[in-house]
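K.L.:
Have a look at this prediction, sequence included:
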Amino acid sequence: LYERLGLVQDAIPYFKKSLSFEPDHEFANYDLALIYFDLGEKTIAKEFYIRAFQNNPELRTIVNDTAFHFSKSDLDDPGRIIDPSEDDLNPESIDMTKPQASTVKTVLITGATAGIGLATAKAFLQEGYKVIITGRREDRLRSFSESLDQKTSKSLQTLAFDVRDHKACEKALLDLPKDFQQIDVLINNAGLASGRDSIQEGDVEDWNRMIDTNIKGLLHMTRLVSPQMVKRGTGHIINVCSIAGHQPYPKGNVYVATKYAVDGLTQSMRLDLYEHGIRVSQISPGAVEETEFARVRFHGDTEMAKIYEDYNPLKSTDVAEAILFIATRPPYVNIQDIIIMGTQQAGSTFFDRSGRKYD
């Protein structure tokens with residue numbers, strides 16, 4: 001907070017206190033390097049820069065080496081250091097007198113206690129991102145965090161709240177540690193289907209649950225995260241839609257309507273944000289197993305939820321890989337929508353149910 005208010009000297013004791021508990025914390029070291037650099041204490045800044053990239057080599061770049069006046073002779077053991085690739089940067093187009101902000105991107109994924117959200121979190125962690133996962137079930141979030149090795153767990157933050165509650169969303173984001181507050185990629189994944197009834201027999205509680213989660217939850221998170229992206233002039237929002245947002249099906253009514261809304265919002269958001277350098281993308285999966293979608297739709301009825309026994313749908317990891325692909329395109333490329341289905345599905349109501357051919 002002190003650093004964000006510009007009171008950088010007041011922030012120094014807090015970062016140093018963090019280092020007293022965890023001396024190898026790369027981002028605390030890097031933040032101190034930036035602070036001392038701004039204060040003109042270049043020698044001290046360089047020492048914290050060295051500590052930072054020794055624990056996270058991705059923080060070492062040609063620009064930073066030049067700005068901090070770093071050379072291998074500054075180290076007792078230069079063999080520990082990984083040289084940055086000169087192909088990664090074009091020094092002629094960059095101010096070489098100032099250190100870069102952290103090059104490690106942060107992604108926030110809603111609805112990440114299971115299924116597509118959890119698979120996506122794993123995919124981004126494997127690629128070296130810092131990842132924030134959110135969900136209502138704190139025990140699930142904690143269990144995933146505890147399953148990670150020590151190094152990977154440093155790149156993960158968990159937030160337990162309900163995206164339907166705007167104030168809870170706001171509070172959760174304010175509680176993030178400083179080195180997770182800049183969100184580069186927002187993945188609006190939280191969503192569900194509840195019930196499958198004809199419109200004249202529908203349950204209003206089911207309707208409200210879907211509308212509040214699938215539409216309002218996406219809006220709550222986008223409203224909170226997009227202003228910081230606009231301010232920086234960069235960012236990426238990826239909405240998880242559905243084939244149901246392109247093709248309706250019988251008894252889908254309100255769920256279909258919420259996903260058509262996601263499709264419409266994605267297109268409208270893109271028009272609002274593209275001039276600010278922000279990419280808005282969408283992925284629209286068909287049927288996906290390894291998720292809780294069917295069980296939730298049928299209110300926990302496990303027998304009714306057995307809908308994938310006679311064909312192979314997508315797996316949650318298939319969708320996660322596609323989301324990662326969207327997020328890792330060059331900055332001038334925006335994948336606007338990916339419609340992805342298993343080979344045995346040709347549309348929202350067309351399935352080859354002749355057996356699981358691909359097991």
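P.N.:
Sure, I can see it.

K.L.:
any weak-confidence spans in the chain?
P.N.:
1-10, 75-103 (pLDDT under 70).

K.L.:
other SSEs contacting the biggest strand by length in it?
P.N.:
With secondary structure taken from DSSP state E, the chain has its longest strand at strand 278-285. For strand 278-285, the elements it packs on are helix 218-232, strand 235-240, helix 253-273, helix 316-327, strand 338-340, judged by 3 or more Cβ pairs under 8 Å, 6 or more residues apart in numbering; DSSP states H and E. Just so you know, the C-beta spots here come from the backbone N, C-alpha and C atoms, and that holds for glycine as well.

K.L.:
Against Asn208, how distant is the nearest residue to Trp207 once chain neighbours are set aside?
P.N.:
Leaving aside its sequence neighbours, Trp207 sits nearest to Val254 (Cβ to Cβ, 6 or more residues apart in numbering; 4.7 Å). Distance, Val254 to Asn208, by Cβ to Cβ, to the nearest Å: 9 Å.

K.L.:
Need the overlap of contacts for the two.
P.N.:
Counting by Cβ atoms under 8 Å, 6 or more residues apart in numbering, Val254 and Asn208 have no shared contacts at all.

K.L.:
Can you say which of the helices and strands packed on strand 278-285 is packed in most?
P.N.:
strand 235-240 (a mean of 24; mean count of other Cβ atoms under 10 Å).

K.L.:
now the helices for the stretch 1-150 of the chain?
P.N.:
8-21, 26-38, 42-55, 62-67, 115-126, 138-147, 150-153 (DSSP state H, counting those that start in this stretch).

K.L.:
Export these to CSV and append columns for distance to Arg297.
P.N.:
What follows is the helices of the stretch 1-150 of the chain, written out as CSV (distance: least, Cβ to Cβ, whole Å):
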stretch, distance to Arg297
helix 8-21, 44
helix 26-38, 41
helix 42-55, 45
helix 62-67, 50
helix 115-126, 13
helix 138-147, 19
helix 150-153, 33
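
K.L.:
With Val204 as the reference, name the closest of these.
P.N.:
Val204 sits nearest to helix 115-126 of all the helices of the stretch 1-150 of the chain, at 25.9 Å, using Cβ to Cβ.

K.L.:
In its sheet, which strands sit next to the longest strand of the chain, and in what direction?
P.N.:
strand 235-240 (parallel), strand 338-340 (parallel) (DSSP bridges).

K.L.:
Could you give the bridge partners of Phe350?
P.N.:
When assigned by DSSP bridges, Phe350 has beta-bridge partners Gly347.

K.L.:
do you know which of the helices of the stretch 1-150 of the chain lies nearest Ser226?
P.N.:
Closest of those to Ser226 is helix 115-126, at 19.6 Å (criterion: Cβ to Cβ).

K.L.:
Make TSV from the strands paired with strand 278-285 and add distance to Ala261 to it.
P.N.:
Listed next are the strands paired with strand 278-285 as TSV, based on distance: least, Cβ to Cβ, whole Å:
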stretch	distance to Ala261
strand 235-240	10
strand 338-340	17
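
K.L.:
Of all these, which one comes closest to Lys259?
P.N.:
Nearest of the strands paired with strand 278-285 (Cβ to Cβ): strand 235-240, 9.5 Å.

K.L.:
the domain parsing of the chain - what is it?
P.N.:
Using automatic domain parsing, the domains assigned to the chain come out as 8-93, 106-346.

K.L.:
now the helices and strands packed on strand 278-285 as a markdown table including distance to Pro57?
P.N.:
Output for these, formatted as a markdown table (distance: least, Cβ to Cβ, whole Å):
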| stretch | distance to Pro57 |
| --- | --- |
| helix 218-232 | 24 |
| strand 235-240 | 24 |
| helix 253-273 | 33 |
| helix 316-327 | 21 |
| strand 338-340 | 32 |
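
K.L.:
The ones you listed: which one's closest to Lys122?
P.N.:
Of all the helices and strands packed on strand 278-285, it is helix 316-327 that lies closest to Lys122, at 7.1 Å by Cβ to Cβ.

K.L.:
how far does the closest one sit from the chain's center?
P.N.:
Distance of helix 316-327 from its chain centroid, counting by Cα atoms, centre = their mean, to the nearest Å, is 12 Å.

K.L.:
what does it contact?
P.N.:
Outside helix 316-327, the residues that touch it by Cβ under 8 Å, 6+ apart are 107, 115-116, 118-120, 122-124, 127, 185, 187, 236, 238, 240, 281, 283, 285, 288-291, 335, 338, 340.

K.L.:
For those residues, which ChimeraX command selects only the ones that are buried?
P.N.:
Selecting the buried subset of those in ChimeraX, with 16 or more other Cβ atoms under 10 Å as the burial test, is done by:
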select :107,115,116,118,119,120,122,123,124,185,187,236,238,240,281,283,285,288,289,290,291,335,338,340
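
K.L.:
burial of Cys280, as a residue count?
P.N.:
One thing to correct before we go on: residue 280 is Val, not Cys. A total of 24 residues lie near Val280 under the criterion other Cβ atoms under 10 Å.
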